[in-house]
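[1] Need coordinates for the below:
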Amino acid sequence: MTEQQQSPSDIPTLEELQESINELATYRERLYQDVLGLGKKLRLSQKKIDATIADHPELKRLDEVMAQLVAQRDSQKLSSQIKA
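    Residues are numbered from 1 along each chain as shown. All right, here's what the predicted structure looks like:
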């Protein structure tokens with residue numbers, strides 16, 4: 001399969017990227033606190049809670065997506081500074 005080229009209107013703006021990063025960070029923090037709170041409610045050891053958080057698939061995926069968005073934002077920021 002060939003990859004389709006993106007038109008300039010398909011590329012998110014820096015503001016849109018930052019907004020997405022902020023929303024994902026807020027969601028990630030809420031999910032983290034929920035997992036932490038549930039672990040404490042179940043009286044799990046801190047070590048077990050930490051392991052659960054480290055292995056949580058949704059938290060891992062959020063970290064991956066946020067890292068990609070940050071890299072894309074930084075790349076766009078750099079290219080816009082070079083053009084200026």
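[2] where does Q81 land on pLDDT?
    Per-residue pLDDT puts Q81 at 82.
[3] should've said H56
    With respect to pLDDT, H56 has a value of 98.
[4] The residue nearest to it when sequence neighbours are not counted: neighbouring residues, count only.
    Excluding its sequence neighbours, the residue lying closest to H56 (C-beta to C-beta, 6 or more residues apart in numbering) is V35, at 6.0 Å. The way it works is simple: take the backbone N, C-alpha and C, and place the C-beta from them, glycine included. Neighbour count for V35, taken as other C-beta atoms under 10 Å: 16.
[5] check contacts around the most centrally placed residue in the chain.
    Nearest residue to the geometric centre of the chain (C-alpha atoms, centre = their mean): M66, 2.3 Å. M66 makes contacts with 21, 24-25, 28, as judged by C-beta atoms under 8 Å, 6 or more residues apart in numbering.
[6] thought the residue nearest to H56 was touching A51?
    No. With contact defined as C-beta atoms under 8 Å, V35 does not reach A51; the gap is 11.2 Å.
[7] what about the helices in this protein?
    Secondary structure of the chain (DSSP state H): helices at 14-41, 46-55, 57-83.
[8] Show me which residues of stretch 47-58 are buried.
    Buried residues in stretch 47-58, counted by 16 or more other C-beta atoms under 10 Å: 49, 52.
[9] Where does pLDDT dip in the chain?
    Along the chain, segments meeting pLDDT under 70 span 1-8, 84.
[10] okay, now Q72: neighbour count?
    Residues near Q72, counting by other C-beta under 10 Å: 16.
[11] swap in R73?
    Going by other C-beta under 10 Å, the residues that sit close to R73 add up to 19.
[12] Give me the nearest residue to it, chain neighbours excluded.
    L17 (4.2 Å).
[13] ok, now which ones touch the one you found?
    L17 touches 69, 72-73, 76, counting by C-beta under 8 Å, 6+ apart.
[14] One more: L44?
    T52.
[15] what's the spacing between K48 and S75?
    For K48, the distance to S75 equals 39 Å [C-beta to C-beta, to the nearest Å].
[16] Same question for Q18.
    13 Å.
[17] okay, those two: which has more neighbours?
    Of the pair Q18 and S75, Q18 is the one with more neighbours under other C-beta under 10 Å, namely 15 against 11.
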